[in-house]
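**Q** When you get a sec, could you give me coordinates for this:
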Amino acid sequence: MKRSRQFICPNNPLFVQVIYFTAISFAGYAVLKILKPHALRDLDLLFTSVSASTVSSMGTVEMEDFSSTQLWVLTILMLIGSEVFTSMLGLHFMKAKFDTKGSVNKTDHSFYVDVESINSENPGSNSNQGTKVICLEDKDHVEPKTIETLGYALMVYLLVTNLGSSLAIYIYLRLVPDAQEVLKRKGIGYVIFSIFTAISSVGNCGFTPVNENMIIFQKNTILLLLIIPQILSGNTLFAPCLRFMMWSLKKITGKEEYHFILQHPEAVGYKHIMNSKECAYLMATVISFIITQTILFCSLEWNSEALQEMNSYQKIVGALFQSVNARHAGESIVDLSSLSSSVLVLYTTMMYLPGYTSLLPKDDEQHSNVGMKDKRRSVCENWILSQLSYLAIVVVLICITEREAMTTDPLNFNVFSITFEVISAYANVGFSLGYSCQRLLNHNVNCKDASYGFVGRWSDKGKVILIIVMVFGRLKALNMKGGRAWKLR
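**A** Sure, this is the predicted structure:
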């Protein structure tokens, strides 16, 4: 009983994050409901709220069905559900815990980091201070001022990326008549489009205020090139960008706390702080994945119908944009259902990979000082099913709930389309093969094509299951070690 209670106690990160995402999702649903949507069902409103909160961008309704006020609500949900924001909240909880318990603990399990070596590398430091020792317990205790400094850096990062991205998109819209014409035709303001798209891109959500996502801007190469670094800075390259910003702040402010964080990232216990070697390997991995996807996309789709109206330069930029989005963002310049099977299988693989997948294997023992409590927890985690097992179970459940549609409409409702949708929801990407009336075996005059995702055509039971998948996917970092006790012989 004692061991099981640790999984449901308020100090458990899984418990806290489940409560957090559940709370903001239902709060978002309530606000969207109060704002009187255009004949949208309650389940679709809840689905959209969860999708925005978990930065998944899975859609069951068209985005242009929402009013400007509702778009602002979705913008807030995407912001407070983004990885940068939630990790910053976690840091504040850590600081509050330190303020309560104190930064120095003298139990037998504590270990010490000698900062004298840091001072020796900094000639400007005061040598009369002597040896300065920071005590750490189980990698959780550092000086509160260090945590406060890191929190300040995260706040600066959040503001710079979101405000800077919004400003860049707004300036572009003001300078390019073609983009202005698109928004005027749809009745969408420049400000809401700029802020909504920027926060969605930095948060790696993938929502845009228009039904067509970025397909309608596939020829606006400058806009696509502006969004690409926004996407990378918010997820796959968040750690290297954060390290560079802290290095810059150290140079500007001269604070010793930044130097300590850069020299001892593992001591802080903040997963997005990596050493320079890990950042280099991570960047190499991200770039290699992008190049591989871009080459394959161009080689297989160069003369495809999806790109036929684009020139060579636009095709290359579009392929680059699509490749960057395949990891976690989910914005798209083409109809994914029109792409070749090889590209779709590659995208499925890319979506499944965690954001910090690296060519350099990370030695867990090197970065952790596991006590008996953590060892007991790891034993329990080993018996938890692996993430692939959960996905397989979900696909089976969806096939059960949608079995009637799979029989009558097999070209739309097939196993691969369902698997693609499930993995996209689990990875919080938002890619979808959609639904096409042209793929119906028996033509139906009442069938209407829609721009929202394939899940929009599922039954209510299937939608509820995918809501759970999106939340589970947002918390997947807490279950990376699951399933290790299961051996295939």
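**Q** Can you pull up the most central residue in this protein?
**A** Centroid-nearest residue in the chain, with Cα atoms, centre = their mean: N204, separated by 4.9 Å.
**Q** who's in contact with that residue?
**A** Neighbour list for N204: 55, 82-83, 231, 234-235, 328-330, 428 [criterion: Cβ atoms under 8 Å, 6 or more residues apart in numbering]. From N, CA and C alone the C-beta is placed, and that goes for glycine too.
**Q** Looking at those residues, spot the one nearest M351.
**A** M351 has its nearest neighbour among the contacts of N204 in H328, at 7.6 Å by Cβ to Cβ.
**Q** neighbours around that closest one, how many?
**A** 27 (other Cβ atoms under 10 Å).
**Q** Would you mind confirming that it is in contact with Y426?
**A** No - counting by Cβ atoms under 8 Å, H328 does not reach Y426; the two are 11.3 Å apart.
**Q** quick revisit: double-check that the residue nearest to the centre of the chain belongs to a strand.
**A** No - under DSSP: H, G, I helix; E, B strand; the rest coil, N204 falls outside any strand and is assigned coil.
**Q** What pLDDT is listed against it?
**A** At N204, the pLDDT value in this model is 90.
**Q** now swap in F207 and tell me
**A** 93.
**Q** Quick check: which element contains K251?
**A** Using DSSP states H and E, K251 sits within helix 238-253.
**Q** list the helices and strands that helix packs on?
**A** helix 144-175, helix 256-263, helix 276-301 (3 or more Cβ pairs under 8 Å, 6 or more residues apart in numbering; DSSP states H and E).
**Q** any chance of those helices in a markdown table, with mean pLDDT too?
**A** Shown next, in a markdown table, are the helices and strands packed on helix 238-253 (pLDDT from 0 to 100):
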| stretch | mean pLDDT |
| --- | --- |
| helix 144-175 | 91 |
| helix 256-263 | 86 |
| helix 276-301 | 92 |
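**Q** doesn't V455 make contact with T60?
**A** Yes - counting by Cβ under 8 Å, T60 does reach V455; the two are 5.8 Å apart.
**Q** So for these two, which sits in the more crowded spot?
**A** In this view T60 and V455 are compared by other Cβ under 10 Å, and V455 has more residues nearby, 27 against 23.
**Q** How about residues contacting stretch 55-62?
**A** So stretch 55-62 is contacted by 40, 43-44, 47-48, 50-51, 78, 81-83, 200, 203-207, 211, 330, 421, 424-425, 428-430, 432, 450-453, 455-456, 463, 466, 470, 473-474 (Cβ under 8 Å, 6+ apart).
**Q** So which of those residues belong to helices?
**A** Counting by DSSP state H, those place 43-44, 47-48, 50-51, 78, 81, 83, 200, 421, 424-425, 463, 466, 470, 473-474 in helices.
**Q** Now the buried members of the residues you listed.
**A** By neighbour count, with 16 or more other Cβ atoms under 10 Å, the ones in helices among the contacts of stretch 55-62 hold 44, 47-48, 50-51, 78, 81, 83, 200, 421, 424-425, 463, 466, 470, 473-474 as buried.
**Q** how does this structure divide up, domain by domain?
**A** 87-151+251-272, 364-479 (automatic domain parsing).
**Q** looking at those, which has the lowest confidence?
**A** Minimum mean pLDDT among those: domain 87-151+251-272, a mean of 61.
**Q** Which residues are in contact with the nearest residue to Y190 once chain neighbours are set aside?
**A** Closest residue in space to Y190, ignoring its immediate chain neighbours: L173 at 4.9 Å, by Cβ to Cβ, 6 or more residues apart in numbering. Counting by Cβ under 8 Å, 6+ apart, L173 makes contact with 179-180, 183, 190, 193-194.
**Q** neighbour-wise, which of the contacts of N204 leads?
**A** V55 (33 neighbours).
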